[in-house]
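A.B. asks: Please work out how this folds:
(chains A and B)
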Amino acid sequence: MSNIDKFIESVLRKLPADFENRDRIAADLREHYEVMISDGVASEQAITRLGDPSDLVRELVSGYTPTSASVLERYAAFMVDAIIYLPIVLLVQCPSSLWCNLTSRHISLAFLPFYLFFLIRLIPEIVWGSSLGKFLFGLRVQGLNGSRVKIYQVIVRNVSWYYWIMWIIDGSGLLFTKGKKRLSDFVAGTVVVKDKSRKTPYWMQALGWIIALIQTYLLMLGIRFISDFIL
Amino acid sequence: MVILKLLQGHQRYGYEIVSHLDSIGGGHLSIKDGTLYPILYRLESKGLISHHWEAPERGVPRKYYAITESGAAELSRQIDIWNEFSETVSGILNDGEAMS
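C.D. replies: Numbering: from 1, shown residues only, chains lettered A, B, ... in the order given. The predicted structure follows:
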């Protein structure tokens, strides 16, 4: 990788995920570098002249405000994440208070969703900023200033998924908050945005939608099952 | 304002703008080359400048920036503000010298 490629990559990597004009920034920096080289400036000196990538990014993002990804895509991404989590929660954790004779097997089952939840949602969000579902839809979690999401922020924004009643309270934020955010996103200082730093193949999104639709159907079946069970 | 002035009557490419700033500003107007582009993006988004690519027969393609009509009007407005400001400050400083 050439010096200018490294420089451009460093700039683009530091930009917020939903930042527009990435191609243009890359083209302009490359043109500037190549003109300097054709003018007899040495490669190392040309890179030095371009400045610190962090300073450039700071200038580029001044006045930037993140744009939340659509609620529908976030819902679909969650449904993909829930491919293992949700049915188990609905069948085991949610009506756990209804189990009269809790055996040790039931207790370990009740904790299973929590472990799966960590595996499916938290770890990928901490490492890559995207869970499996978000990855399929090209979404990413980031700080309000476009910074990489921190471990405590991921935990805070996901803590409500531990119990289903909290989902509803948390999700109510989508109806009345600016930017249509969950309440826990407000508390954590995070936002889910469309990731413009990578192209998401159409087949990946199509796969995501298929899974999300199946999951929605399963969710409705699960709710019906629980309501029948309770009533 | 300075960049708009540099583009008045001349279309220039990015490296040329920075080099010109270096040479005419006596080091006072020097900027890192990379940080020129956020300024150019802001001016362009306000419609004050425009750009086009030119590919010479020899050498690398260059992106030239030119001032627009509204850019020229804005430059004229900013120059008036600057002159008024400069005269006011000069007047205060000269009065101060006379008083001391």
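
A.B. asks: what pairs with B:Tyr64 across the strands?
C.D. replies: Here B:Tyr64 shows beta-bridge partners B:Tyr13, B:His52, assigned using DSSP bridges.

A.B. asks: what comes into contact with stretch A:125-132?
C.D. replies: Stretch A:125-132 is contacted by residues A:17, A:77, A:80-81, A:120-121, A:124, A:134-135, A:139-142, A:148-149, A:151, A:154, A:158, A:195 when judged by C-beta atoms under 8 Å, 6 or more residues apart in numbering or on different chains. C-beta here means a position set from N, CA and C on the backbone, and glycine is covered the same way.

A.B. asks: run the last query once more with 10 Å
C.D. replies: The contact list for stretch A:125-132 (C-beta atoms under 10 Å, 6 or more residues apart in numbering or on different chains) reads A:17, A:77-78, A:80-81, A:83, A:118-124, A:134-143, A:148-155, A:157-158, A:190, A:192-193, A:195, A:198, A:208, A:211.

A.B. asks: These in helices, which ones?
C.D. replies: The members of these that map onto helices under DSSP state H are A:77-78, A:80-81, A:83, A:123-124, A:134-137, A:151-155, A:157-158, A:208, A:211.

A.B. asks: Any of the residues you listed buried? List them.
C.D. replies: When these are checked for burial by 16 or more other C-beta atoms under 10 Å in any protein chain shown, the buried set is A:77-78, A:80-81, A:83, A:124, A:134-137, A:153-154, A:157-158, A:208, A:211.

A.B. asks: State the pair within these that is farthest apart.
C.D. replies: Within these, A:Gln153 and A:Ile211 form the most distant pair, 26.2 Å apart (C-beta to C-beta).

A.B. asks: so B:Ser50, which of the three states?
C.D. replies: strand (DSSP: H, G, I helix; E, B strand; the rest coil).

A.B. asks: which residues does the residue of chain B found nearest chain A contact?
C.D. replies: As assessed by C-beta to the nearest C-beta, chain A sits closest to B:Lys32 within chain B, at 3.0 Å. By C-beta under 10 Å, 6+ apart, B:Lys32 lies in contact with A:48-52, A:55-56, A:59, B:18.
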